[in-house]
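[1] structure of the sequence below:
(2 chains)
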2 protein chains.
Amino acid sequence: MENFEFYVPTKIVFGKKTEEKIGEILKKDGIKKVLLVYGREAIKKIGLYDRVVDSLKEAGIEFVEHSGVKPNPVLSHTREGIKKAKEHQVSAVLAVGGGSVIDEGKVIAIGAKTEKDIWKFFKREEVIEDALPIYTILTLAATGSEMNGFAVITNEETKEKLNISSVYIFPRVSILNPELTYTVSPQYQAYAAVDAIAHIIEFYFTCKVCPNLQNRIAESLIKNIIETTEIILKEPNNYQARAEFMWAATLALNGLTRTGVGGGLFPNHMIAHALGGIYDLPHGACLSIVIPAWMDWYKDKNRVQFERFAKEIFGVSTVDKGIEMFKNWFSKIGAPVSLKEVNIEESEIPTIVENAYNIAKIWKIENIYTKEILEDILKRAV
Amino acid sequence: MENFEFYVPTKIVFGKKTEEKIGEILKKDGIKKVLLVYGREAIKKIGLYDRVVDSLKEAGIEFVEHSGVKPNPVLSHTREGIKKAKEHQVSAVLAVGGGSVIDEGKVIAIGAKTEKDIWKFFKREEVIEDALPIYTILTLAATGSEMNGFAVITNEETKEKLNISSVYIFPRVSILNPELTYTVSPQYQAYAAVDAIAHIIEFYFTCKVCPNLQNRIAESLIKNIIETTEIILKEPNNYQARAEFMWAATLALNGLTRTGVGGGLFPNHMIAHALGGIYDLPHGACLSIVIPAWMDWYKDKNRVQFERFAKEIFGVSTVDKGIEMFKNWFSKIGAPVSLKEVNIEESEIPTIVENAYNIAKIWKIENIYTKEILEDILKRAV
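    Sure, this is the predicted structure:
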């Protein structure tokens, strides 16, 4: 095993009705006023907004609203949130929603504690040194943002979709009630499954050391995500399946699967972020297009893992058959597996390559993911 | 899944030479003076003591020594440590050793911050409200104490071996260097394996809800512990096996496997603690005696899990065959599976029952584990 550090200070409060505890949790932590970050109407439709507000009021927690977070959260709206957080001198951020809402909430939490331009942190020109405490109530299990130190924002002007990573943006407490995900549509459940699996395989396939222990944990999570997604697509209100999926998606990117394996360049996310940044497509859809293409390109670089994947996940004996089964499964659940399916022409590949290469440079992996290689991968996704 | 909370604020620093970072880690946290808790000669023989002291001195951290912790750490020695911690006004505890050293260190950390009698916390007559920060350097992977809020101490006078649980005694940082476990003897490696597996099966077999997700993670850990123990017994200096074992043993009791399953009464530990309290036997040896007997007694109460265990872990199709294979594996690695093997006569069962029943009362499960039932279980271990 490679040396590693593992530190996940987020407290998870998981289960039915747990959202009703939010006021009490904030009060116990000495929080007086929060910025309540959410999307549009979804949390109001399911009555969650009212339950959260009631809980806050009961605990005497003041709140200022910052709503309208978009599915691919954008920089301009994040800046508005930062302004509001400063103006009202909130002492914490409470993000109620999916990964996008949480990510924007995290970035606002950083912005509220600095006079530096927030985008500089994404360009790696500044280092994050502080943030407001972050609390979350999750309504879409997928990104793992509820239990990690990552956030992704899109700069609409430059069409850059970039990420940050910091120990300061681990949520302090994340509330996970599987019932709040009952209304996630079949399409978004499919994207969520792709995203969660993607987080696991970025490490699983790029491992330098590939211990049985981490392999087994990764495979346990992947099997579970596949299995529960199939149940959820048939029975959206199956608590057990929603619960297992939710917890598996959280564990998929809380650091557990990457411990000691080395690797983890996140190439699939890099290319998917390029697609997301340019075309504003759902993140999971970008990933399901990129992954089979990347796997086909990468398979000979870690053949043992690919053989293991084929056998353990799909019970087949060849690498190519494993990739094919995986791709077919994406199609089966309703996730696109080609650029064509989302109306992107082959002629646009150079534009995507440029955008992805920009991310590769920021991540300092442009020597591995050259423009030629990015083009090669994308051509396999036509 | 049952509702649950998951909070594991310990930072793990894992890998080769990581013990050399201890001074720097303490300094960064503003610690000026520590109580250095350890056992006898083991850490000096492998040069670890010198490396730790060098690191402390280099970082300008003062230290007061508290050595001589016994394998089943005892109350009288713990009290001495508390006295020393207060006298020298240390600002943290640094425990260098196995689970016993860490456990005694944790209890000293509590004792240093209270005027209450420390044993009252074990008898559940007082509630833990504070503790000094705890840092650990692990030399024997087994108990999981390096990443949880538990500690076990034996009161030599009353022959009570009792546990405490508190969020205040999660180590702040735990350093895990697998190389430091190279000198663990085959016998203690066997006991360590039994202990780590025991932590998993206490939840696995007593689950109220038994989700595939948690089952798969539990089975991944058990398989890994079995596999790596067999390698370690043949090749004590196999880094990869020592590393996987070490991390698996840590994950076995950091809360991961119990998330959402309910259950977790720890009956095997309860009876094993009785044996340990009375006869001062190694904890792992007590567990390997108790587990097959308890499984035989319990098997019909959660038959599906027992069938699953037999199939997944040993590839056999009947519950009894699974238990038999498990018991044989204990024997094979050198762990006792009967009271006779450790020279305890059947006539002593009433004494063991009394001691275990005392723990059952403290844990408030004496209505489930009555004296008759405890006797029934122990008779199966003769």
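
[2] determine the longest strand present in chain A.
    strand A:4-14 (DSSP state E).

[3] angle of that strand against strand B:4-14?
    Counting by axes from the mean of the first three to the mean of the last three Cα atoms, to 10 degrees, strand A:4-14 lies at 170 degrees to strand B:4-14.

[4] does chain B sit close to strand A:4-14?
    Yes. Strand A:4-14 comes into contact with chain B (Cβ under 8 Å from any Cβ of the partner chain), by way of A:4-14. Yep, even glycine has a C-beta here, placed from its N, CA and C like the rest.

[5] and the furthest pair within those?
    Across these, the longest distance by Cβ to Cβ is 26.9 Å; it joins A:F4 and A:V13.

[6] is A:K123 in contact with A:W363, as I believe?
    No. Using Cβ atoms under 8 Å, A:K123 is not in contact with A:W363, being 11.4 Å away.

[7] returning to that earlier point: packing partners of the longest strand of chain A?
    Contacts defined by 3 or more Cβ pairs under 8 Å, 6 or more residues apart in numbering or on different chains; DSSP states H and E place strand A:4-14 against strand A:173-176, helix A:239-252, strand B:4-14.

[8] which one of the ones you listed lies closest to B:P73?
    Nearest to B:P73, of the helices and strands packed on strand A:4-14 and by Cβ to Cβ, is strand B:4-14 at 19.8 Å.

[9] before we move on, back to that, can you put the helices and strands packed on strand A:4-14 in JSON lines and add mean pLDDT, distance to A:I43 and mean neighbour count?
    Below are these laid out as JSON lines (pLDDT from 0 to 100; distance: least, Cβ to Cβ, whole Å; neighbours: other Cβ atoms under 10 Å in any protein chain shown):
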{"stretch": "strand A:173-176", "mean pLDDT": "98", "distance to A:I43": "13", "mean neighbour count": "25"}
{"stretch": "helix A:239-252", "mean pLDDT": "98", "distance to A:I43": "16", "mean neighbour count": "25"}
{"stretch": "strand B:4-14", "mean pLDDT": "97", "distance to A:I43": "23", "mean neighbour count": "20"}
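
[10] can I get the helix ranked longest in chain A as CSV, trimmed to CA atoms?
    Ranked by residue count and defined by DSSP state H, the top helix of chain A is helix A:212-234. Only the C-alpha atoms of helix A:212-234 are listed here, as CSV (Å, rounded to 0.1, in the frame of the first residue of the first chain):
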residue,chain,number,x,y,z
ASN,A,212,-7.4,-6.8,-2.3
LEU,A,213,-8.9,-4.9,0.6
GLN,A,214,-9.6,-1.7,-1.3
ASN,A,215,-10.6,-3.6,-4.4
ARG,A,216,-13.2,-5.6,-2.4
ILE,A,217,-14.6,-2.4,-0.8
ALA,A,218,-14.8,-0.7,-4.2
GLU,A,219,-16.5,-3.7,-5.7
SER,A,220,-18.9,-3.9,-2.8
LEU,A,221,-20.0,-0.4,-3.4
ILE,A,222,-20.3,-0.7,-7.2
LYS,A,223,-22.3,-3.9,-6.9
ASN,A,224,-24.6,-2.2,-4.5
ILE,A,225,-25.1,0.9,-6.6
ILE,A,226,-26.0,-1.2,-9.6
GLU,A,227,-28.3,-3.4,-7.6
THR,A,228,-30.1,-0.7,-5.8
THR,A,229,-30.4,1.5,-8.9
GLU,A,230,-32.3,-1.3,-10.6
ILE,A,231,-34.7,-1.6,-7.7
ILE,A,232,-35.2,2.2,-7.4
LEU,A,233,-36.0,2.5,-11.1
LYS,A,234,-38.8,0.0,-10.6
